[in-house]
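Enquirer: Let's see this in three dimensions:
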Amino acid sequence: MRIELPHRFKPRDYQLPAWRAMDEQKRVLLVFHRRAGKDKLCFNKLIERAIQTKANYAYYFPTAALGRKALWMNVDVTNGMRVIDHIPKELLAKPPNQTDMRIELINGSTIQILGTDNLDVVGGNYYGVVFSEFQNQNPLAWDYTRPILAENGGFAWFNGTPRGENHFFDMLKMAAVNESWFSQVLSVEDTGAITAAQIDEERRSGMSEPLIRQEFYCDFNIANENAIYGRYMTKAAAEGRIGPFPIDGRAPVHTFWDLGGPRNTAVWYGQRVPFGGWRWIDVDIGPVGADDTILSRYAHMNAKGYKYGKHFMPHDARQTQRNGVTFEADAITAGFKNIQVVPVIPDVWMGIDYVMGLFPTFEFRLPDCERGVKAMKAYESAPDSSTGIVKNVPLHTWASHVADAVRTMAEADRLGLIPGYSGPESPARRRNDTQDTGGY
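Expert: Numbers count the residues shown, from 1 in each chain. Okay, the predicted model is just below:
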């Protein structure tokens, strides 16, 4: 039996350099404009690699729901063919698992579609992985994956479209000067896949000029229009409030938490400083320690050597867990002292407004807050009409846990729960003098 791959797929001319690179190099990064066919390209090459080498392969999306929509159930309107049907039936060991979005090939290889919003699924024993729409993914997913690929000698491909100067942009800068990486940036001017007339039609239909520059011309300089704290972070950088600040040995270090399970828990470390501001000095995103327990987190935080004040945890720290006790009780047993549970914020946008009011006082210490800075830039909202009423809602992504931990701080500050410096340059007075009253 003779089976030709790719099956019912031919790479477009502008895709050929990437198609060849995915055979020749272990790291490939593709910045393609919207509708340039990047997922169909990567999936068809992944089929080839999977049938050549018996192993496990993962195709990661920001969420599993997006993976189901964009790849698993996606139908090409030009030929009525599903993307996964590019795998010839003769190569399938059994029908695809619709629930797990898992495919098993006759040589024993597996391909599974997964979402990195659940970091518990990341880090399996894979030989090859694809990160689709990496600009919207948790960068920790790659950190958890790369040691396994290094041990297996495996490969990783990344694709996406710009979403501001975030971790995807940083990766592109690295790949452009790294001989072990292949990188390619293709706008509509490079591919001709979308005509000027089609873009004009999008413009007349209400697509903003910044979004056109981002989606069709791969412009990383365009700020994410949906970024909730985007302009506040831009202003902080312009005013020199993101940089290599010292830790003030006179001020206690307080921590502010968001509980998302071990893999999504975020903890910010901050302190009041004498001039009336607030300095973020460190941040933990995701698990710490090999076993992801509260004991390992306590040891990790203790090893930092900070002079701790209070540990501010959100209201769900008092909810009963699977082990029958609360997170707060587990933390006390592990050794944490001075825990303060912050009452629930009644409205998420009210909490976000509190954060915006505090932003002029914020400083972010690098490099320890670098990931936190990226998360605050990536925190975004999107329209939701599921109830029949269109409203903006914060998207639940990897960045939302980090932003929610800052919201814990803002609520604790509003309630007067955070001790610190006082006097003529008190934080409250400073904030009243400098508050940015812009809306959200």
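Enquirer: and the most centrally placed residue in the chain, what does it touch?
Expert: Nearest residue to the geometric centre of the chain (Cα atoms, centre = their mean): residue 138, 2.8 Å. Counting by Cβ atoms under 8 Å, 6 or more residues apart in numbering, residue 138 touches 116-117, 119, 286, 397-399. Yep, even glycine has a C-beta here, placed from its N, CA and C like the rest.
Enquirer: Got a quick PyMOL command for the buried subset of the residues you listed?
Expert: Buried residues among the contacts of residue 138 (16 or more other Cβ atoms under 10 Å), as a PyMOL selection:
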select buried, resi 116+117+119+286+397+398+399
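Enquirer: any chance you could map the strands in the stretch 51-200 of the chain?
Expert: 56-61, 75-76, 81-82, 102-104, 110-115, 128-131, 155-160, 181-186 (DSSP state E, counting those that start in this stretch).
Enquirer: quick one: average pLDDT of the fourth one?
Expert: Averaging pLDDT along strand 102-104 gives 98.
Enquirer: and what of the last one?
Expert: Looking at strand 181-186 alone, the average pLDDT works out to 98.
Enquirer: Spell out which strands sit alongside it in the sheet and which way each one runs.
Expert: strand 27-32 (parallel) (DSSP bridges).
Enquirer: same thing with the first one?
Expert: In its sheet, strand 56-61 lies beside strand 110-115 (parallel), strand 128-131 (parallel), with partners assigned from DSSP bridges.
Enquirer: what does the third one give?
Expert: Strand 81-82 has the following strand partners under DSSP bridges: strand 75-76 (antiparallel).
Enquirer: how near is residue 27 to residue 182?
Expert: 7 Å (Cβ to Cβ, to the nearest Å).
Enquirer: my bad, residue 341
Expert: 50 Å.
Enquirer: residue ranges of the helices in the stretch 101-250 of the chain, please?
Expert: Assigned helices in the stretch 101-250 of the chain, in chain order: 140-152, 167-176, 188-191, 196-204, 209-217, 230-238 (criterion: DSSP state H, counting those that start in this stretch).
Enquirer: Also the stretch 251-400 of the chain?
Expert: If DSSP H, counting those that start in this stretch is used as the criterion, the helices of the stretch 251-400 of the chain fall at 294-303, 327-334, 348-358, 370-378, 398-414.
Enquirer: so which of those helices gets nearest residue 242?
Expert: Judged by Cβ to Cβ, the one of these that comes nearest to residue 242 is helix 370-378, at 6.1 Å.
Enquirer: Touching that closest one from outside, list them.
Expert: Counting by Cβ under 8 Å, 6+ apart, 136, 139, 163-167, 224, 227, 229-230, 233, 242, 266, 268, 280, 283, 285, 364, 366, 397-399, 402-403, 406 sit against helix 370-378.
Enquirer: Out of these, which end up buried?
Expert: The buried subset of the contacts of helix 370-378 - by 16+ other Cβ under 10 Å - is 136, 139, 163-167, 224, 227, 229-230, 233, 242, 266, 268, 280, 283, 285, 364, 397-399, 402-403, 406.
Enquirer: Pull the number of nearby residues for residue 247.
Expert: 18 (other Cβ atoms under 10 Å).
Enquirer: That one contacts residue 368, doesn't it?
Expert: No. Using Cβ atoms under 8 Å, residue 247 is not in contact with residue 368; the gap is 9.3 Å.
Enquirer: Now do the SS call for residue 2.
Expert: Following DSSP: H, G, I helix; E, B strand; the rest coil, residue 2 is assigned to coil.
Enquirer: Quick check: it vs residue 253, distance?
Expert: Taking Cβ to Cβ, one finds residue 2 at 66 Å from residue 253.
Enquirer: more crowded one of those two?
Expert: For residue 2 and residue 253, the more surrounded residue by other Cβ under 10 Å is residue 253, and the numbers stand at 20 against 4.
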